[in-house]
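Undergrad: Next input, structure requested:
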Amino acid sequence: MSDKLKHIIKAQRITERVFEDLLKEIHAGRTEIEIRDRLLDLAKYHGASGHAFDPKVGAGRNAADPHVEPTDRKLRPGQLLLIDMGATYGGYCSDMTRMVAIGKPSSEARKAYGIVLRAQQAAIRAAKPGLTGKELDAVARDVIRRAGYGKRFIHALGHGIGRKLHQDPRLTPLRKTRLKPGDVVTVEPGIYVPGRFGVRVEDMLLITPRGNRNLTRTPKKLWIL
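TA: Numbers count the residues shown, from 1 in each chain. Model prediction:
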């Protein structure tokens, strides 16, 4: 295993431990900023060299912005909370997004989560060497489109990751770069309903000679707290 891959996996394992600890501290009444700050403290505690990016933490309508910045709004029962986080270790990055429900979410939010998860699973099954970023993006995008939310998937499926958070190969309708063994890419489809909620699920994949290996271990269920 290359040093690059060892460091990316170590960064991801740190990210997963941070999320596991963070789940114990999320509840109605806490603010998005408080959760962001606690996330940063936990990453340092678990040995991260630094942060791959400023964590994205948004609840309810705030999560409808894919690039959400945390605010001082307090979490309320029924909201979906989006947490997009990543650590660095040995100069390499990790990246993971998971969704948490504060109490019982709406039926539409549950439906959207299920659609996003199916889209991601379809793309993961399809990811292999020789496939272009455009082709892999289309696999996930078609699942979301057929479910009636095509206009709500408003960003690319993913990107390469290594020493930089965003690098080639890009998984986007605009790129025809072919995946090759050794590439590490994110797969992160989403649905964003303005004024209501946003959903995104993100894993990192290593492209292998015959397919891919998922480097992310955290379960992808909708965590209901």
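
Undergrad: Which phi and psi values does G29 adopt?
TA: phi 100, psi -20 (degrees, to the nearest 10).

Undergrad: ok, the spatially closest residue to it that is not a sequence neighbour - contacts?
TA: Leaving aside its sequence neighbours, G29 sits nearest to K74 (CB to CB, 6 or more residues apart in numbering; 5.4 Å). Where you see a C-beta, it was placed from the backbone N, CA and C, and this is true even at glycine. Residues near K74 by CB atoms under 8 Å, 6 or more residues apart in numbering: A28, G29, R30, T31.

Undergrad: Put the buried members of these into a ChimeraX selection.
TA: In ChimeraX syntax, the buried subset of the contacts of K74 is picked out as below (16 or more other CB atoms under 10 Å):
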select :30,31
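
Undergrad: Take the contacts of K74 and keep only those in strands.
TA: Using DSSP state E, no member of the contacts of K74 falls in strands.

Undergrad: For the chain, which segments count as strands?
TA: 50-51, 56-59, 80-85, 87-89, 92-93, 96-101, 158-160, 167-171, 184-187, 190-193, 197-200, 203-208, 211-214, 223-224.

Undergrad: May I have the strands that pair with the fifth one, each with its orientation?
TA: The pairing partners recorded for strand 92-93 under DSSP bridges are strand 87-89 (antiparallel).

Undergrad: Equivalent analysis for the second one, please.
TA: The strands that strand 56-59 pairs with in its sheet are strand 80-85 (antiparallel) (by DSSP bridges).

Undergrad: re earlier: select, from the contacts of K74, the two members most distant in space.
TA: Largest separation among the contacts of K74 by CB to CB: A28 and T31, giving 10.9 Å.

Undergrad: shared neighbours of these two, anything?
TA: Here A28 and T31 share the contacting residues K74, L75, scored by CB under 8 Å, 6+ apart.

Undergrad: Any stretches of this protein with poor pLDDT?
TA: For the chain, no stretch has pLDDT under 70.

Undergrad: With distance to A138 as new columns, can the contacts of K74 be given to me in a markdown table?
TA: Supplementary listing: the contacts of K74 in a markdown table, determined by distance: CB to CB, whole Å:
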| residue | distance to A138 |
| --- | --- |
| A28 | 39 |
| G29 | 42 |
| R30 | 39 |
| T31 | 38 |
